[in-house]
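**Student:** Predicted model and sequence below, questions to follow.
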Amino acid sequence: MTDKTLDTATPRGGMPPLHRAIFVGLLVVFAVAPFVLYPVFLMKILCFALFACAFNLLLGYGGLLSFGHAAYFGGASYVSAHAAKVWGLTPELSVLCGTAAAALLGLVIGSFAIRRQGIYFAMITLAFAQMVFFFSLQAPFTGGEDGIQAIPRRALFGVFNISSDINFYYFVLAVVFAGLLLIYRIIHSPFGQVLKAIRESEPRAISLGYRVNSYKLALFVLSAALAGLAGATKALVFQLASLTDVHWSMSGEVVLMALLGGMNTIFGPIAGAAVVVTMQNYFASFGAWVTVLQGVIFVLGVLLFRQGIVGVIARWLKRPL
Amino acid sequence: MHDTRSDDVILSARGISKQFSGFMAVKDVDLDIRRGSIHGLIGPNGAGKTTCFNLLTKFLQPTAGTITFNGRDITSMTPDGIARLGMVRSFQISAVFAQLTLLENVRIALQRRRGESFDFWRSETVLAANNAAAMERLDEVGLAGMAHLTAGELPYGRKRALEIATTLALEPEMLLLDEPMAGMGHEDIERTAALIRRIAVNRTVLMVEHNLSVVSSLSDRITVLARGQVLAEGDYASISKDPRVIEAYIGVGHD
């Protein structure tokens, strides 16, 4: 028993063997997957997996339900698209620009939102996200209803040609995995430890002298930046930045992904994203019925297994996942 | 009277009041806590003890009055700010980080003092550097053998001990304990009383208590609150003979 506690609480090598195995397993699966499945579809899953994990960093580990994460995802996709198309930046720099913009946006919105809790927090994030949406609709550089189209895929670092889908896929895989590993590290860092304490008992954390709101804001900015990383990458995948990604329904979709996969898990949002994206792709022929199907699955998910897909598996294995 | 020994006073309140939508929970309270003493704040239910305690620890903002700690005006400071000054409180409902281990609970306190708490890019394994110090604190309260249990599994009395160990890890100059013995059985009360006596060496302790007999053996000085005001102050011998205290706190007809 002592061994188990040590294993999960203070892993000696930085990561428990089970988690390491899952990361390696996922990396291997995604590395060979484009030979079997359509790469653009896989890249969509990867981007949404990162988006859902970034969102869940705030919900699952900060206890903060944001209903405006589309602002960072979509906002970053516009910035990355603009950087690649108008400024002529290379993919990695375009993605960095988008991420930085999302972090900045997160800092502004977060510093207002973290002053409130629960439903008020959700409403403030939603209100700001709506402002970002209308800004995206009206601003001259976003292309309004058309969005930013035909974004070029320039050479990586200005050297490597990654314009084909299969080559670009490995760039996306690297970016997304770097993001996922960073999220894992944030959760299991000294900072993450303080977040856990705040989630368990906020008054106690305050009484120990922690500036609780600064930690929440830092988490908010990290979550927004990583959501931005996902959005910025997605824009280059589809060579398109559009209003879909800043729309409030995108904020809702990411909540669905996190809850379906399991919000108290590390790997849950990845599973949630895979399920939702797969449904949208393969049920696309049902048209508007996809939304109805999503709703039904969400209701069933919440009613039957509230810990989410991975949450249920974690319970079977009696291990945190 | 207060001014002559003001250099001995660590925490001082002058005319603090708290009004909740028309209701005066605490009215014009003066309080001086002498450095190195164990000071009891007692009173019957609804006397304003907890409100007063929350005012002193800044979890509530007073509507009037000033509070000074070590001669510094802390009236408008935040609760986490005064904790960083060395004045740390406990909670009536035992506040431990339930899903963390005992070791991790204490490390949370150590971690802040070492200033590594925003490091999100480092592995939490760096926190193992605090293990020895944390174990020392746990040992002081007799919990070293349970360091790897999760705090939620502890019986109630042991949670209070863990809370104290966590608080001590901050090496505070002053501890404010909110009903540290509330809801405890006889055995736990004695153990906790002994613990408080031990940690009060070289420290100042202010404790709120409902139960007069608990305070009597521990406190050097006692302030009695009733209806939000100071009714009497002194040592146990003088307090327990004061007819106003007997009437308001112990109740008429007590023998």
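**Tutor:** The structure has been received and is ready for your questions. Everything numeric in this text was worked out from a predicted model, so none of it was measured. Numbering: from 1, shown residues only, chains lettered A, B, ... in the order given.

**Student:** so where's the stretch 1-150 of chain B uncertain?
**Tutor:** Scanning the stretch 1-150 of chain B for pLDDT under 70 picks out B:1-7.

**Student:** which parts of it sit against chain A?
**Tutor:** Residues of the stretch 1-150 of chain B lying near chain A by C-beta under 8 Å from any C-beta of the partner chain: B:57, B:59, B:79-81, B:83-84, B:88-91, B:95-101, B:104, B:107-109, B:111-112, B:116-128, B:148-150. Yep, even glycine has a C-beta here, placed from its N, CA and C like the rest.

**Student:** Tell me which helix or strand the most centrally placed residue in chain A sits in.
**Tutor:** The residue lying closest to the centre of chain A (C-alpha atoms, centre = their mean) is residue A:51, at 1.6 Å. Residue A:51 is part of helix A:39-62, with elements assigned from DSSP states H and E.

**Student:** before we move on, the earlier item: wait, doesn't the residue nearest to the centre of chain A sit right on residue A:256?
**Tutor:** No - using C-beta atoms under 8 Å, residue A:51 is not in contact with residue A:256; the gap is 11.8 Å.

**Student:** For the two, list the residues in contact with both.
**Tutor:** The contact sets of residue A:51 and residue A:256 do not overlap (C-beta atoms under 8 Å, 6 or more residues apart in numbering or on different chains).

**Student:** now the residue nearest to the centre of chain A: how far from residue A:196?
**Tutor:** For residue A:51, the distance to residue A:196 equals 23 Å [C-beta to C-beta, to the nearest Å].

**Student:** go on, residue A:276?
**Tutor:** Computed as C-beta to C-beta, the residue A:276 to residue A:196 distance reads 28 Å.

**Student:** More neighbours: these two, which one.
**Tutor:** residue A:276 (23 against 20; other C-beta atoms under 10 Å in any protein chain shown).

**Student:** Quick one: residues contacting the more buried one.
**Tutor:** Residues counted as contacts of residue A:276 (C-beta under 8 Å, 6+ apart) are A:48, A:253, A:256-257, A:260, A:294.

**Student:** tell me the pLDDT at the residue nearest to the centre of chain A?
**Tutor:** Predicted confidence (pLDDT) for residue A:51: 97.

**Student:** How about the one 4 residues further on?
**Tutor:** If you check residue A:55, the pLDDT there is 97.

**Student:** do the same with the one 3 residues further on
**Tutor:** Here the pLDDT value assigned to residue A:58 is 95.

**Student:** How about the contacts made by it?
**Tutor:** A:64, A:66, A:69, A:219-220, A:223.

**Student:** Which of those residues fall in helices?
**Tutor:** A:219-220, A:223 (DSSP state H).

**Student:** re the thing from before, most widely separated two among the contacts of residue A:58?
**Tutor:** Put simply, by C-beta to C-beta the two of the contacts of residue A:58 set farthest apart are A:69 and A:219, 13.1 Å from each other.

**Student:** higher neighbour count, the two?
**Tutor:** Taking other C-beta under 10 Å, residue A:69 and residue A:219 do not tie; residue A:69 has more neighbours (32 against 26).

**Student:** In which helix or strand does the residue lying closest to residue A:211 once chain neighbours are set aside reside?
**Tutor:** Excluding the flanking residues, the one nearest residue A:211 by C-beta to C-beta, 6 or more residues apart in numbering or on different chains is residue B:80, at 5.5 Å. Assigned by DSSP H and E, residue B:80 falls within helix B:79-85.

**Student:** Buried residues, that helix. List them.
**Tutor:** Neighbour counts using 16 or more other C-beta atoms under 10 Å in any protein chain shown place B:79-80, B:82-85 of helix B:79-85 among the buried residues.

**Student:** residues near residue 64, how many?
**Tutor:** If you meant another chain, say so; for now it's chain A. Around residue A:64 there are 22 residues (other C-beta under 10 Å).

**Student:** Let me rephrase: I mean chain B.
**Tutor:** By other C-beta under 10 Å, the residues close to residue B:64 number 14.

**Student:** What sits closest to it if chain neighbours are left out?
**Tutor:** residue B:17 (4.4 Å).

**Student:** ok, that neighbour - contacts?
**Tutor:** Neighbouring residues of residue B:17 by C-beta under 8 Å, 6+ apart: B:24, B:26-29, B:62-65.

**Student:** Give the buried residues for the helix or strand containing it.
**Tutor:** For residue B:17, the element it lies in under DSSP H and E is strand B:9-20. Under the neighbour-count criterion of 16+ other C-beta under 10 Å, strand B:9-20 has B:9-14, B:16-18 buried.

**Student:** Out of those residues, which is nearest to chain A?
**Tutor:** residue B:11 (15.5 Å; C-beta to the nearest C-beta).

**Student:** packing partners for the helix or strand residue A:131 falls within?
**Tutor:** If you go by DSSP H and E, residue A:131 is part of helix A:118-138. For helix A:118-138, the contact count by 3 or more C-beta pairs under 8 Å, 6 or more residues apart in numbering or on different chains; DSSP states H and E identifies helix A:70-85, helix A:91-113, helix A:248-261 as packing neighbours.

**Student:** Tell me which residues are up against that helix.
**Tutor:** Contacting residues not belonging to helix A:118-138 are listed as A:64-71, A:74-75, A:78, A:105, A:109, A:112-114, A:116, A:142, A:144-145, A:243, A:246-248, A:251 [C-beta under 8 Å, 6+ apart].

**Student:** any weak-confidence spans in the stretch 151-255 of chain B?
**Tutor:** Ranges of the stretch 151-255 of chain B meeting pLDDT under 70: B:249-255.

**Student:** Around chain B, pick out the residues from the stretch 101-250 of chain A.
**Tutor:** A:182, A:185-186, A:188-194, A:196-197, A:200-201, A:203-212, A:214-215, A:218, A:222.

**Student:** Sitting in strands, which of these do you find?
**Tutor:** Using DSSP state E to define strands, no part of these is located there.

**Student:** Count the residues that sit near residue A:298.
**Tutor:** Look at residue A:298: counted by other C-beta under 10 Å, it has 16 neighbours.

**Student:** possible to save the ones in helices among the contacts of residue A:58 as CSV with pLDDT?
**Tutor:** Formatted as CSV, the ones in helices among the contacts of residue A:58 follow (pLDDT from 0 to 100):
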residue, pLDDT
A:219, 96
A:220, 97
A:223, 97
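
**Student:** For residue B:170, state which of the residues you listed is nearest.
**Tutor:** Minimum distance to residue B:170 across the ones in helices among the contacts of residue A:58 is 23.2 Å, recorded for residue A:219 (C-beta to C-beta).

**Student:** who's in contact with that closest one?
**Tutor:** Going by C-beta under 8 Å, 6+ apart, residue A:219 touches A:57-58, A:61-62, A:64, A:195.

**Student:** if we take the contacts of residue A:276, which one ends up nearest to residue A:228?
**Tutor:** Among the contacts of residue A:276, and counting by C-beta to C-beta, the member closest to residue A:228 is residue A:48, at 13.8 Å.

**Student:** For chain B, see how far away that closest one is.
**Tutor:** Using C-beta to the nearest C-beta, to the nearest Å, residue A:48 is found at 23 Å from chain B.

**Student:** Next: residue A:243.
**Tutor:** Separation of residue A:243 from chain B (C-beta to the nearest C-beta): 32 Å.

**Student:** does that residue really touch residue A:143, like I thought?
**Tutor:** No - counting by C-beta under 8 Å, residue A:243 does not reach residue A:143; the two are 9.3 Å apart.

**Student:** which of the helices and strands packed on helix A:118-138 sits most buried?
**Tutor:** With neighbours defined as mean count of other C-beta atoms under 10 Å in any protein chain shown, the helices and strands packed on helix A:118-138 peak in mean count at helix A:70-85, which reaches a mean of 30.
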